[in-house]
Every structure is written in C-alpha cells, then in structure tokens.
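> here is my input, please return the structure:
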Amino acid sequence: MQVQQSFERPQLPLFDAFLAGASSEPLVATGDISRSENDQAFSELALRGAAGHCLHLLAPILRELSQNQDARWLTLVAPPASLTQSWLRDAGLNRERILLLHPRQGQNALELAEEALKLGRSHTVISWLHPVECSTRQRLAQAANAGGAQSLNISLG
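Next up is the predicted model:
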C-alpha cells in the first residue's frame, strides 16, 4: 500500500490526538503555515486498497471519535454498505454515541452532511463524498463552523 501525502494543506486538528502519542517529533516539517478558520473545520482522509484493509485502518479513528468526551453525536452520513451495525460493534465503537444518516429521496449526501453540521448536535460529521471539489470543502467547512463541529470526509478507493 502506498501512502500519498499532500503538502498543499497542513494537518488539521482532528487528528492531533492520534499523532500526539505516536511521536514527539513531527512527521512532516510544515514551516510557518497560517490556517484559516475553514482549515480548522474540514479534514479529509483517503484510503486506497482492499475494502477490508481500509476498514481495518478506519476502525481506530472511528472508535476514538465515538468515545469522544463531547456529549454530542458522531454522525456518519451515507456510510458505505460495509459499515454495518455488526461491523461497528465488532470494531469496538460506542454505538450509543453514533448517529447513522442516509439521504432521503430528493436529498443528496452533501446536503445532509451540511444540515447535520449546521445543527451543531454532532462533534464530528463524517461523509463519504468523492470527488470533493474546493467548493464542496468550503461548504462543509462553513457548515461545520456554523455548528461548532468538525467535518471529516473519507474517500475509500
């Protein structure tokens, strides 16, 4: 499996907790990068490879987010079919803190994610949108800022 890093955007704070325990030295020297408010609210994660391997890599991230001390929901918007209730249970996620949302007729996943973010009832809203264009990133970041939440988009390949 090949890991691709983008040096265009800094690492966003959503993953600081995971990286803090891994090493005392940064993985990539970023220099003096100024972050806008929108950069703080939106993160992306791209996983490529066999679906089972991708889910195995995703499990600890979702588990940590589901056990967040924030009393709000971890919301999954239009997750892939492979993220079943049994997979969530087997992966050790706190299912009492997870809200699964699926778009209704006439609604798309982006609109649903925006709505969930704006409501502010979730600490993190995870979407599976592909591809994510700059305008989509901006929409999700603005909605996250409005609701005081984090937006995480996961691209499974």
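> helix or strand: which one has Arg89?
Secondary structure assigned from DSSP states H and E places Arg89 in helix 85-90.
> actually Gln138, not the one I typed
Assigned by DSSP H and E, Gln138 falls in helix 134-147.
> buried stuff in that helix?
Of the residues in helix 134-147, 136-137, 139-145, 147 count as buried by neighbour count, 16 or more other Cβ atoms under 10 Å. Just so you know, the C-beta spots here come from the backbone N, C-alpha and C atoms, and that holds for glycine as well.
> which of the residues you listed sits closest to His130?
Thr136 (10.2 Å; Cβ to Cβ).
> ok, that closest one - contacts?
Listed by Cβ atoms under 8 Å, 6 or more residues apart in numbering, the contact partners of Thr136 are 110, 129.
> state the distance from it to Thr84.
27 Å (Cβ to Cβ, to the nearest Å).
> go on, Gln105?
Using Cβ to Cβ, Gln105 is found at 23 Å from Thr84.
> ok so Gly106 is a strand residue?
No. Assigned with DSSP: H, G, I helix; E, B strand; the rest coil, Gly106 falls outside any strand and is coil.
> which parts of the protein are strands?
For the chain, the strands defined by DSSP state E occupy 42-47, 73-77, 98-101, 122-127, 150-156.
> can I get these in JSON lines with mean pLDDT, distance to Leu88 and mean neighbour count?
As requested, the strands of the chain are arranged in JSON lines below (pLDDT from 0 to 100; distance: least, Cβ to Cβ, whole Å; neighbours: other Cβ atoms under 10 Å):
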{"stretch": "strand 42-47", "mean pLDDT": "94", "distance to Leu88": "17", "mean neighbour count": "19"}
{"stretch": "strand 73-77", "mean pLDDT": "98", "distance to Leu88": "9", "mean neighbour count": "25"}
{"stretch": "strand 98-101", "mean pLDDT": "96", "distance to Leu88": "7", "mean neighbour count": "18"}
{"stretch": "strand 122-127", "mean pLDDT": "98", "distance to Leu88": "12", "mean neighbour count": "25"}
{"stretch": "strand 150-156", "mean pLDDT": "94", "distance to Leu88": "15", "mean neighbour count": "23"}
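> using CSV, please lay out these together with distance to Gln67.
Putting the strands of the chain into CSV (distance: least, Cβ to Cβ, whole Å) gives the following:
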stretch, distance to Gln67
strand 42-47, 18
strand 73-77, 9
strand 98-101, 10
strand 122-127, 11
strand 150-156, 15
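> for the chain, what's the longest helix?
The residue-count maximum for a helix in the chain (DSSP state H) belongs to helix 51-66.
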